[in-house]
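Engineer: everything below, folded, please.
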Amino acid sequence: MDMNSNNTPVLTDTAPITNSRLHVHSNLLPYSHTGATFPHGMLLNIPRKKTGILEDVFSCGWLDAMKSSSPPPKNRSKDVNHAFASSEADPYFNWLLKYPSALASFDQITNYAKGKRIALFLDYDGTLSPIVDNPDCAFMSDNMRAAVKKVAEYFPTAIISGRSRDKVHEFVGLTELYYAGSHGMDIIGPVRQSLSVSPNHPNCIVKCTDKQGKKVNLFQPAAEFLPMINEVLKSLIECTKDIKGSKVENNKFCVSVHYRNVDEKNWSLVAQRVNDVLKGFPRLRLTHGRKVLEVRPVINWDKGKAVTFLLESLGLNNCDDVLPIYIGDDRTDEDAFKVLREGNKGYGILVSSAPKESNASYSLRDPSEVMEFLKSLVLWKQIPFKSHI
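Structural biologist: Residues are numbered from 1 along each chain as shown. So this is what the prediction gives:
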C-alpha cells in the first residue's frame, strides 16, 4: 500500500468467515514474534482529504462525541434520544420499553434457550468491573470472579476486550475462559488434530509453545501492524506527556489514549495531538469509547467478527440449537450486538445506567446486575429435571 497516498483505508464489512477451527483454550501464553500477512481484500481504500485521520476534529463532531462518550449519571436525562423522551419523569423507564432488563425478562430469555446450547461472551471494563479513573485499577470483585468461574462450568465463556490479552487475563485470572484481546485481534487456543485453518486467514494463525510445553495457537489477524503500533505508541506517549491527566495504554494491537482525568478544556488538545500523530499512518484509524480514543489497524475485524470466529472455532456457528449471549457496555460492543441481532442468532445485552441507542436486545444497569444475571443462569442450569436439556 502506498503510504503517501491520499487514500485512507477504512473498516468495512468483510465476507462471512468460513469454517475456521481454533479450539480456544484458557492458558495465557507469551506472544509469538512471528508475523502474519493480510489476505487480499481485508484492506480497502476510499478517497479522503489530506488534512488527517480526523480531518477537522470540530467539524466532524469528535469533541462532542468525546464529551458524551461517558456522561455522568446525574445528567443522563440530557442524553436521551428524542424518540425516548416522551416522559420527563423517568426517561430511563421509557428506554427500558425498548431495551428491557435482562433480569426482568429472564424467564423469556431462558424459555427461548430451552433445548439450546448457550455460548456466553463478556466485555470486561464496565461489564465485569466498574469504570474507574485509573484503567490500571479496574479490578473485578471476588464475587464477580466467582460468578464468572461458575457460569463457565456450564457454558463456553469468552472475554472479548479492547484490553491486551495479557492485561485482561491478569485482571480476570481464570483458566476456564477463552480470551480475545485487542477487540478480538488476539485470540488464543491449543493446537489440536482437528484444527482447520480457513483459507480466508492463511497466515494469521501462529503456532507456539507455552511455559509448560503445551502447543497453542494464536490467532492474530493484525500481526503485521505490530511494528507500526509500537511506533505510534511511543509517539503518543511523547506528545501527550505534558497534558495533565492523560494516559496512553498499550493494548498490543491497539493503543488507547485515556482522557477521563484530563480537564475538559484540554480534550480538544488531546484529540488534536492524536490526530497529528496519525497523519503519518494512513493504515491506522481512530475510534472512541468511554472517555478514551483508540488507535486501531484498518482491517475488517471487530468484536462482532471475533464472536463469529469463536463460534465457528467451537463448532457452534450456524447451528439452530445454539444461543449466543453477548454482554457489554461500550460502543465497540455494538459490532457484536449487531451480528447477533441481524442474524437472529442470539441476544445482545447492553450494560448502561443511561438511555442510549443500541443494537442490543436487552439491558442491565451495571456490573452488579451482570453478576446477578450470571448467577441466575447458573441456577437455571442447575434446576432438577431440567426441561431445557
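
Engineer: without its sequence neighbours, what residue ends up closest to Tyr347?
Structural biologist: In this structure, Tyr347 finds its nearest non-sequential neighbour in Ser361, 4.7 Å apart by C-beta to C-beta, 6 or more residues apart in numbering. Placement of C-beta: from N, CA and C, glycine included.

Engineer: pretty sure that neighbour is touching Ile349, no?
Structural biologist: Yes: counting by C-beta atoms under 8 Å, Ser361 does reach Ile349; the two are 7.2 Å apart.

Engineer: I'd like to know how far Pro282 sits from Phe253.
Structural biologist: Going from Pro282 to Phe253 by C-beta to C-beta, to the nearest Å gives 17 Å.

Engineer: counting neighbours, what do you get for the residue nearest to Tyr347?
Structural biologist: Other residues lying near Ser361 total 21 when counted by other C-beta atoms under 10 Å.

Engineer: now do the same contact list for it.
Structural biologist: Residues near Ser361 by C-beta atoms under 8 Å, 6 or more residues apart in numbering: Tyr99, Phe337, Leu340, Arg341, Tyr347, Gly348, Ile349.

Engineer: any idea which element Ala271 lies in?
Structural biologist: Using DSSP states H and E, Ala271 maps to helix 267-278.

Engineer: can you show me the CA trace of that helix as PDB?
Structural biologist: Provided in PDB are the C-alpha atoms of helix 267-278 (Å, rounded to 0.1, in the frame of the first residue of the first chain):
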ATOM      1  CA  TRP A 267      -9.900  17.400  25.400                       C
ATOM      2  CA  SER A 268      -9.700  19.100  22.000                       C
ATOM      3  CA  LEU A 269      -5.900  19.300  22.600                       C
ATOM      4  CA  VAL A 270      -5.700  15.600  23.200                       C
ATOM      5  CA  ALA A 271      -7.700  14.900  20.100                       C
ATOM      6  CA  GLN A 272      -5.500  17.200  18.000                       C
ATOM      7  CA  ARG A 273      -2.300  15.700  19.300                       C
ATOM      8  CA  VAL A 274      -3.500  12.200  18.400                       C
ATOM      9  CA  ASN A 275      -4.700  13.400  15.000                       C
ATOM     10  CA  ASP A 276      -1.300  15.000  14.300                       C
ATOM     11  CA  VAL A 277       0.500  11.700  15.100                       C
ATOM     12  CA  LEU A 278      -1.900   9.600  12.900                       C
END
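
Engineer: list the contacts of the helix or strand harbouring Phe171.
Structural biologist: Element membership for Phe171, per DSSP H and E: helix 165-172. Helix 165-172 is contacted from outside by 28, 124, 128-129, 138-140, 145, 148, 159, 161, 163, 179-182, 186-188, 251-252, using C-beta under 8 Å, 6+ apart.

Engineer: out of those residues, which are buried?
Structural biologist: 28, 124, 128-129, 138, 140, 145, 148, 159, 161, 163, 179-182, 186-188, 251-252 (16 or more other C-beta atoms under 10 Å).

Engineer: just checking, Ala222 touches Trp301?
Structural biologist: Yes: here Ala222 reaches Trp301: they are 6.9 Å apart, a contact under C-beta under 8 Å.

Engineer: shared neighbours of these two, which are they?
Structural biologist: Here Ala222 and Trp301 have Met185 as joint contacts, going by C-beta under 8 Å, 6+ apart.

Engineer: all helices for the stretch 101-250 of the chain, in order.
Structural biologist: Here the stretch 101-250 of the chain has its helices, by DSSP state H, counting those that start in this stretch, at 106-113, 142-154, 165-172, 226-240.

Engineer: mind listing what's buried along the first one?
Structural biologist: Same thing as helix 106-113. Judged by neighbour count using 16+ other C-beta under 10 Å, the buried positions of helix 106-113 are Phe106, Ile109, Thr110, Ala113.

Engineer: and which of those residues is nearest to Gly289?
Structural biologist: Closest approach to Gly289 among the buried residues of helix 106-113 (C-beta to C-beta): Ile109, at 26.6 Å.

Engineer: got the contact list for the closest one?
Structural biologist: Residues near Ile109 by C-beta under 8 Å, 6+ apart: Ala102, Ile325, Tyr347, Tyr362.

Engineer: those residues into TSV, with extra columns for secondary structure?
Structural biologist: Putting the contacts of Ile109 into TSV (DSSP: H, G, I helix; E, B strand; the rest coil) gives the following:
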residue	secondary structure
Ala102	coil
Ile325	strand
Tyr347	strand
Tyr362	strand
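
Engineer: need these in JSON lines (columns: distance to Asp133, pLDDT and neighbour count).
Structural biologist: Converted to JSON lines, the contacts of Ile109 look like this (distance: C-beta to C-beta, whole Å; pLDDT from 0 to 100; neighbours: other C-beta atoms under 10 Å):
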{"residue": "Ala102", "distance to Asp133": "28", "pLDDT": "98", "neighbour count": "27"}
{"residue": "Ile325", "distance to Asp133": "30", "pLDDT": "98", "neighbour count": "23"}
{"residue": "Tyr347", "distance to Asp133": "31", "pLDDT": "97", "neighbour count": "22"}
{"residue": "Tyr362", "distance to Asp133": "29", "pLDDT": "98", "neighbour count": "23"}
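
Engineer: need the max-distance pair from the contacts of Ser361.
Structural biologist: Farthest-apart pair in the contacts of Ser361 is Tyr99 and Leu340; separation 14.0 Å (C-beta to C-beta).

Engineer: state the helix or strand in which Ala354 lies.
Structural biologist: For Ala354, there is no host helix or strand (DSSP H and E).

Engineer: all good on my end, thank you.
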